[in-house]
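Enquirer: below is the sequence, then the predicted model.
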Amino acid sequence: MSYHPSELKISVVIPCYKVGEHLAKTVARIGPEVSRIYCVIDGCENGSMEAAKWAQSQDRRVQILSHANNQGVGRAFITGYQEAAKDHADIIIKLDGDGQMNPEEIPQLIEPLVRGEADYVKGNRFFHLEHLQSMPIVRIFGNAALSFFSKLSSGYWNLFDPTNGFVAIHAKVAEHIPWSKVHNRYFFESDLLFHLYMIRAVVFDVPMQAQYGNETSGLSIIKTIFQFPCFHFINFVRRIFYCYFLREFNIASLNLIVSIVLIGFGVSFGTINWVRGNELNQLASAGTVMFAALPVILGWQALLAFLAYDVGNYPKKPLQQTFRA
């Protein structure tokens with residue numbers, strides 16, 4: 001069962017942190033398909049509140065929410081989402097107020113949700129190669145690396161550009177997200193993918209072009225390099241434990257155990273004999289080499305079998321159809 005956009009109540013949440021220069025222009029470009037716009041002032045000055053009030057005077061759809069202290073882009077979205085849920089929104093969109101996202105692409109973004117094919121939709125700036133010409137080279141390589149880590153941690157091997165903040169979620173699905181456990185700051189979008197996978201939500205990528213001007217990103221490159229891989233590793237371990245050992249035990253679980261045991265044995269046995277050979281100034285025999293190498297080779301085969309299963313194990317049946325049935 002699907003709906004026409006006019007039958008749905010669509011809301012936009014704009015986390016506002018030092019976006020005074022761009023906010024009014026962003027709001028002005030939001031089309032009539034959106035019924036409510038929540039500007040969440042996240043404990044900042046820089047003219048964001050004044051810009052939001054001016055936008056409100058020009059557009060009666062605008063509602064202003066605020067945090068006394070800066071709590072992060074994730075917490076700002078959650079505040080807006082909670083207000084949208086009270087207003088019985090059907091689809092909630094996160095749109096950054098820094099001018100890097102095109103509000104005119106909202107109909108394209110929510111189309112899979114309207115058709116009932118997806119539970120959560122996100123933008124993908126890497127789909128068309130010609131769109132990369134406007135993206136700074138550092139962001140291209142950074143997002144490519146983070147996309148690989150995100151595939152491991154979230155289980156959505158079919159997705160790319162995990163840090164893209166132009167997203168939309170069906171309200172019925174959002175009700176089942178443990179929002180208190182989702183990261184509040186710049187890891188928000190990546191962490192949300194992990195939680196969506198845990199409830200088996202269907203997620204789509206929608207191609208779109210980012211717009212880069214004179215805005216300054218608040219995301220620290222140093223924090224991204226050192227913190228994000230750690231966060232992804234933690235989510236990866238949690239996902240594997242929950243999905244392949246706690247909730248279910250299947251052939252992939254067995255392959256993972258076998259791979260860890262065989263690779264661990266082969267590496268340990270080979271290292272011990274290599275150290276002993278150096279101490280005695282003796283070369284290892286062919287049998288010893290094979291006894292160390294064979295378990296590693298078989299272990300890698302089992303690990304590849306596990307990864308092949310995991311790659312194809314992303315959710316495919318939309319939850320929204322079940323929740324609204």
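Expert: Great, that's in hand.
Enquirer: and the strands in this structure?
Expert: Remark: strands assigned in the chain by DSSP state E are 10-16, 36-42, 62-67, 91-94, 120-124, 167-170, 203-207.
Enquirer: once you drop chain neighbours, what's closest to the residue nearest the centre of the chain?
Expert: Nearest to the mean C-alpha position of the chain, counting by CA atoms, centre = their mean, stands Ser190 at 2.9 Å. Excluding its sequence neighbours, the residue lying closest to Ser190 (CB to CB, 6 or more residues apart in numbering) is Pro162, at 4.7 Å. To be clear about C-beta, it is placed using only N, CA and C from the backbone, and glycine gets the same treatment.
Enquirer: so who does the one you found touch?
Expert: Each residue near Pro162 by CB atoms under 8 Å, 6 or more residues apart in numbering is listed here: 143, 146-147, 150, 154, 189-190, 193.
Enquirer: which among those residues gets closest to Gln209?
Expert: Asn143 (14.1 Å; CB to CB).
Enquirer: contact partners for the closest one?
Expert: Residues near Asn143 by CB under 8 Å, 6+ apart: 125-126, 161-163.
Enquirer: let's have the residues you listed in JSON lines, adding distance to Glu7.
Expert: Conversion of those to JSON lines gives the following (distance: CB to CB, whole Å):
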{"residue": "Arg125", "distance to Glu7": "30"}
{"residue": "Phe126", "distance to Glu7": "33"}
{"residue": "Asp161", "distance to Glu7": "30"}
{"residue": "Pro162", "distance to Glu7": "31"}
{"residue": "Thr163", "distance to Glu7": "32"}
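Enquirer: what about the stretch 1-150 of the chain, any weak spots by pLDDT?
Expert: The stretch 1-150 of the chain contains residues with pLDDT under 70 at 1-6, 128-136, 138-139.
Enquirer: hmm, back to that, which of the contacts of Asn143 tops the neighbour count?
Expert: Neighbour counts for those, by other CB atoms under 10 Å, peak at Pro162, which reaches 26 neighbours.
Enquirer: need the phi and psi values for it.
Expert: phi -70, psi -20 (degrees, to the nearest 10).
Enquirer: one step back: make TSV from the strands of the chain and add mean neighbour count to it.
Expert: What follows is these, written out as TSV (neighbours: other CB atoms under 10 Å):
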stretch	mean neighbour count
strand 10-16	27
strand 36-42	25
strand 62-67	18
strand 91-94	26
strand 120-124	24
strand 167-170	26
strand 203-207	19
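Enquirer: can I get those strands in a markdown table with distance to Tyr242?
Expert: A markdown table is the format used below for the strands of the chain (distance: least, CB to CB, whole Å):
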| stretch | distance to Tyr242 |
| --- | --- |
| strand 10-16 | 28 |
| strand 36-42 | 31 |
| strand 62-67 | 32 |
| strand 91-94 | 26 |
| strand 120-124 | 19 |
| strand 167-170 | 21 |
| strand 203-207 | 18 |
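Enquirer: between these, which one is nearest to Gly270?
Expert: By CB to CB (comparing all of the strands of the chain), the closest turns out to be strand 203-207, at 41.3 Å.
Enquirer: what helices and strands are in contact with that closest one?
Expert: Applying 3 or more CB pairs under 8 Å, 6 or more residues apart in numbering; DSSP states H and E, we find strand 203-207 packed against helix 106-114, strand 120-124.
Enquirer: I'd like to know which elements the top helix by length along the chain is packed against.
Expert: In terms of residue count, the longest helix belonging to the chain (DSSP state H) is helix 251-280. In terms of contacts (3+ CB pairs under 8 Å, 6+ apart), helix 251-280 is packed against helix 286-311.
Enquirer: now do the contacts for the nearest residue to Ile91 once chain neighbours are set aside.
Expert: Distances taken as CB to CB, 6+ apart place Ile10 nearest to Ile91, at 4.8 Å, with adjacent residues excluded. Shown in contact with Ile10 (CB under 8 Å, 6+ apart): 33-35, 89-91, 93, 106, 110.
Enquirer: could you do Gly266 as well?
Expert: Residues in contact with Gly266, defined by CB under 8 Å, 6+ apart, are 292-297, 299.
Enquirer: mind giving me the ChimeraX command for buried ones among those residues?
Expert: To isolate the buried ones among those in ChimeraX, judged by 16 or more other CB atoms under 10 Å, type:
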select :292,295,296,299
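Enquirer: looking at the residue nearest to Ser190 now. What's its pLDDT?
Expert: Note for Pro162: predicted pLDDT of 84.
Enquirer: looking at the contacts of Asn143, spot the one nearest Val73.
Expert: Of the contacts of Asn143, the one sitting nearest to Val73 (CB to CB) turns out to be Thr163, at 10.8 Å.
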